[in-house]
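J.: no FASTA, just this:
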């Protein structure tokens, strides 16, 4: 998969935000098919790991580290 450099920071943030949403959703008492959501969260975690690895391989092209991009949004 080829991802343009300009999209990587946004993809990191969007994936992280999606994971946070899923985590909150899993705490909901009205949620059905919890197993499906847990599995989706697991895959999103794998995707985030992949994106961070790709970002780090090309760190010299970016101004910020992945940690700086993902921090401070809790």
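T.: That came in fine, so what should we check first? Everything quoted here is computed from the prediction, not taken from an experiment.
J.: Low-confidence stretches in this protein?
T.: Residue ranges of the chain with pLDDT under 70: 72-74.
J.: Which other helices and strands does the longest helix seen in it contact?
T.: Identified as the longest helix of the chain according to DSSP state H is helix 34-57. Packing partners of helix 34-57 (3 or more Cβ pairs under 8 Å, 6 or more residues apart in numbering; DSSP states H and E): helix 8-26, helix 66-70. For every residue, glycine as well, the C-beta is placed using N, CA and C.
J.: Make a markdown table out of those and add mean neighbour count and distance to residue 1.
T.: Output for the helices and strands packed on helix 34-57, formatted as a markdown table (neighbours: other Cβ atoms under 10 Å; distance: least, Cβ to Cβ, whole Å):
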| stretch | mean neighbour count | distance to residue 1 |
| --- | --- | --- |
| helix 8-26 | 15 | 11 |
| helix 66-70 | 15 | 17 |
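J.: Could you dump those helices into CSV with distance to residue 32 added?
T.: Output for those, formatted as CSV (distance: least, Cβ to Cβ, whole Å):
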stretch, distance to residue 32
helix 8-26, 11
helix 66-70, 30
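J.: Pull the contacting residues for residue 19.
T.: 41, 44-45, 48 (Cβ atoms under 8 Å, 6 or more residues apart in numbering).
J.: at 10 Å what do you get?
T.: Contacts for residue 19 (Cβ atoms under 10 Å, 6 or more residues apart in numbering) come out as 40-42, 44-45, 47-48.
J.: go on, residue 3?
T.: So residue 3 contacts 11, 50-51, 54-55, 58 (Cβ under 10 Å, 6+ apart).
J.: what's the answer for residue 47, then?
T.: Contacts of residue 47 by Cβ under 10 Å, 6+ apart are 11-12, 15, 18-19.
J.: rerun that using 8 Å as the cut-off
T.: Shown in contact with residue 47 (Cβ under 8 Å, 6+ apart): residue 15.
J.: ok, now residue 64?
T.: Contacts of residue 64 (Cβ under 8 Å, 6+ apart): residue 9.
J.: Now do it against residue 28, distance only.
T.: 33 Å (Cβ to Cβ, to the nearest Å).
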